[in-house]
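Engineer: Predicted model and sequence below, questions to follow.
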Amino acid sequence: MRDVAIVAAGMTRFGELWGASLRDLFVEAAREALINAGADQLDAIYVGNMSAGQFVGQEHLGPLLADHLGMAGVPAIRIESACASGGVALRTAFLEVASGASDIVLAAGVEKMNDGADVTEILATASDQETEVYNGATFPGLYAMIARAHMEKHGTTEEDLAWVSVKNHRHGALNDHAQFPRELTLDQVMGSAPVSEPLRLLHCSPVSDGAAAVILCPLDQASRYTDRPVVIRGTGMATGSMALADRADISFLDAVALAGGRAFEMAGIGPAEVDVAEVHDCFSIAEICCVEALGLAPMGEGRHCARTGETAIGGRLPVNTSGGLKSKGHPVGATGIAQAVELFEQLSGTAGARQVPDAEFGLAQNMGGTGASSVVHILQAV
Ligand code: COA
């Protein structure tokens, strides 16, 4: 396989974007990435998208989006793995370039969630219909069960969950692209409205619109597009049981651990070498479970990381420097690519006020549903 680099990135602001359609958002992010690369042609386009069919009534995204980008004729494919769609689009684009099949590929993600009439119901289609949805479960409800199990097993408290939100909003306040670029106090989070106990409004990622895009090429061609490429050293993907009822321990995300192990093995590094990470904090408990499953914190210790500042900018291992899904927003199909955009900026030294000094290795972890699919990438500054 060839070494593959990310050479340019682009993204829209995330938020309730009533003035832009799904295709407008994709074109804005993709065009920014193309302009930043100084490129005017592509060999292929992969677009992560969970459910444009349900949110905006639009299927067959590949040709539609290629056409609106002015690239009709280019192979273009929609990739779906629920909230991991963007991360899997990145992995697919990586494999296409690494294999030698293509030399310049756009990996993008887009979602327009606010146009959907029944967002909670649409999202729930990514959980198990027979054992969960038919019994009234929603994503906040399922993650609340995960939080309860983690509390029971590891002594995690509501305050531990709240510190994750406080920390991520502190980071998001430095990000112009964030949906909620404002700091929150611990009291604001602890006093916010209950959604599904123990999860409150400010433990939840919001409903978001947005798009993100990166451009990949072989490392030995990267100098055509940038003098600061970022190499994709490892990619790992895994699946696990869809239904929480089928899992031995719902406080442990085994697909995340498997995907992380595969990415680390491919990259030839371990968790201790990671300098900055973006993980899938769709609910604050998810960040705690993910840092544990990835080995970024010892099992049962993830709950302390935000409170002690270990995972804040300036700490041992900054996590979700972008603000994470919590503060930056979570347009589900775009999230995995937005994580890559943040790491591209961190590792190319262009993250501005959020910059982690001298970051060499970055890890991005994206997951679908309650973690039935997960994909991890390890990136390196060159
Ligand atoms: N963080 C910070 N502020 C938020 C917020 C969030 N997650 N969600 C909403 N707000 C703010 C809104 O801006 C609004 O403020 P305003 O009154 O000043 O305008 C207020 O809180 C109420 O927002 P609203 O949109 O009416 O909330 P809601 O009750 O419709 O939805 C949730 C709140 C948590 C239920 C919804 O955001 C949700 O379902 N999130 C989870 C999405 C999800 O499951 N994603 C997939 C994960 S796998």
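Structural biologist: Now that the structure is in, tell me what you want to look at.
Engineer: Retrieve the pLDDT associated with Gly116.
Structural biologist: For Gly116, the model assigns a pLDDT of 76.
Engineer: Regarding it, what is its secondary structure?
Structural biologist: coil (DSSP: H, G, I helix; E, B strand; the rest coil).
Engineer: Now Ala212: which helix or strand?
Structural biologist: Per DSSP states H and E, Ala212 falls inside strand 209-218.
Engineer: Who are the packing partners of that strand?
Structural biologist: Applying 3 or more Cβ pairs under 8 Å, 6 or more residues apart in numbering; DSSP states H and E, one finds that strand 209-218 contacts strand 4-11, helix 22-37, helix 85-99, strand 105-112, helix 335-347. Just so you know, the C-beta spots here come from the backbone N, C-alpha and C atoms, and that holds for glycine as well.
Engineer: and the residue lying farthest from the centre of the chain, what is it in contact with?
Structural biologist: For the chain, the largest distance from the centre (Cα atoms, centre = their mean) belongs to Gly73, which lies 29.1 Å off. Listed by Cβ atoms under 8 Å, 6 or more residues apart in numbering, the contact partners of Gly73 are Ala66.
Engineer: Please report the distance of it from Glu159.
Structural biologist: From Gly73 across to Glu159, the span is 55 Å (Cβ to Cβ, to the nearest Å).
Engineer: swap in Leu25?
Structural biologist: Using Cβ to Cβ, Leu25 is found at 36 Å from Glu159.
Engineer: from the stretch 51-200 of the chain, which residue is nearest to the ligand?
Structural biologist: Scanning the stretch 51-200 of the chain for proximity to the ligand using Cβ to the nearest ligand atom identifies Phe139 as nearest, at 3.6 Å.
Engineer: shouldn't that residue be in contact with Ile122?
Structural biologist: No. Judged on Cβ atoms under 8 Å, Phe139 makes no contact with Ile122 at a distance of 10.5 Å.
Engineer: List the buried residues for stretch 239-250?
Structural biologist: For stretch 239-250, the neighbour count (16 or more other Cβ atoms under 10 Å) marks Thr239, Gly240, Ser241, Met242, Ala243, Leu244, Arg247, Ile250 as buried.
Engineer: Could you tell me which residues make contact with Ala101?
Structural biologist: Asp43.
Engineer: mind checking pLDDT for it?
Structural biologist: If you check Ala101, the pLDDT there is 98.
Engineer: still on that earlier bit, right, and the helix or strand after the strand holding Ala212?
Structural biologist: Counting by DSSP H and E, what follows strand 209-218 is strand 230-239.
Engineer: Could I get the buried residue list for the helix or strand following that following strand?
Structural biologist: Downstream of strand 230-239, the first helix or strand assigned by DSSP H and E is helix 254-267. For helix 254-267, burial by neighbour count (16+ other Cβ under 10 Å) applies to 254-264, 266-267.
Engineer: quick check, Ala364 in a strand?
Structural biologist: Yes. Counting by three-state DSSP, Ala364 is part of a strand.
Engineer: And the pLDDT at the closest residue to it other than its chain neighbours?
Structural biologist: With sequence-adjacent residues excluded and distances taken as Cβ to Cβ, 6 or more residues apart in numbering, Ala364 is closest to Gln339, at 4.0 Å. At Gln339, the model reports a pLDDT of 99.
Engineer: So what's the residue count around Gln339?
Structural biologist: As a burial measure, Gln339 scores 31 neighbours (other Cβ atoms under 10 Å).
Engineer: And Thr120, by the same measure?
Structural biologist: Neighbours of Thr120 using other Cβ under 10 Å come to 12.
Engineer: How about the secondary structure of it?
Structural biologist: Per three-state DSSP, Thr120 ends up helix.
Engineer: Could I get the contacting residues of the closest residue to the ligand within the stretch 251-382 of the chain?
Structural biologist: When scored by Cβ to the nearest ligand atom, the stretch 251-382 of the chain has Cys282 as its residue closest to the ligand, at 3.6 Å. Residues near Cys282 by Cβ under 8 Å, 6+ apart: Cys83, Phe139, Tyr143, Cys204, Ser205, Leu325, His330, Met367.
Engineer: Look up which residues are beta-bridged to the last one.
Structural biologist: When bridges are assigned using DSSP bridges, the partners listed for Met367 are Ser374.
Engineer: That one contacts Val376, doesn't it?
Structural biologist: No. Counting by Cβ under 8 Å, Met367 sits too far from Val376 to count as a contact (9.3 Å).
Engineer: How about stretch 373-382 and the ligand, any contact?
Structural biologist: No. Figure legend: stretch 373-382 not in contact with the ligand (Cβ under 6 Å from any ligand atom); closest approach 11.5 Å.
Engineer: Report the rounded mean pLDDT for that stretch.
Structural biologist: 98.
Engineer: same deal with stretch 210-228?
Structural biologist: The average pLDDT for stretch 210-228 rounds to 98.
Engineer: how about that stretch, does it reach the ligand?
Structural biologist: No. Using Cβ under 6 Å from any ligand atom, stretch 210-228 stays clear of the ligand, coming no nearer than 13.2 Å.
Engineer: What of stretch 183-193?
Structural biologist: No. Applying Cβ under 6 Å from any ligand atom, one finds stretch 183-193 separated from the ligand by no less than 7.5 Å.
Engineer: Quick check on Leu25 and Glu159: which one has the bigger neighbour count.
Structural biologist: Leu25 (27 against 13).
Engineer: residues touching that one, list them.
Structural biologist: By Cβ under 8 Å, 6+ apart, the residues touching Leu25 are Thr12, Leu17, Val110, Lys112, Asp209, Gly210, Ala211.
Engineer: I'd like to know how far the third one sits from Asp40.
Structural biologist: Taking Cβ to Cβ as the measure, Val110 falls 21 Å from Asp40.
Engineer: Between these two, point out the one with more neighbours.
Structural biologist: More crowded of Val110 and Asp40, by other Cβ under 10 Å: Val110, with 35 against 9.
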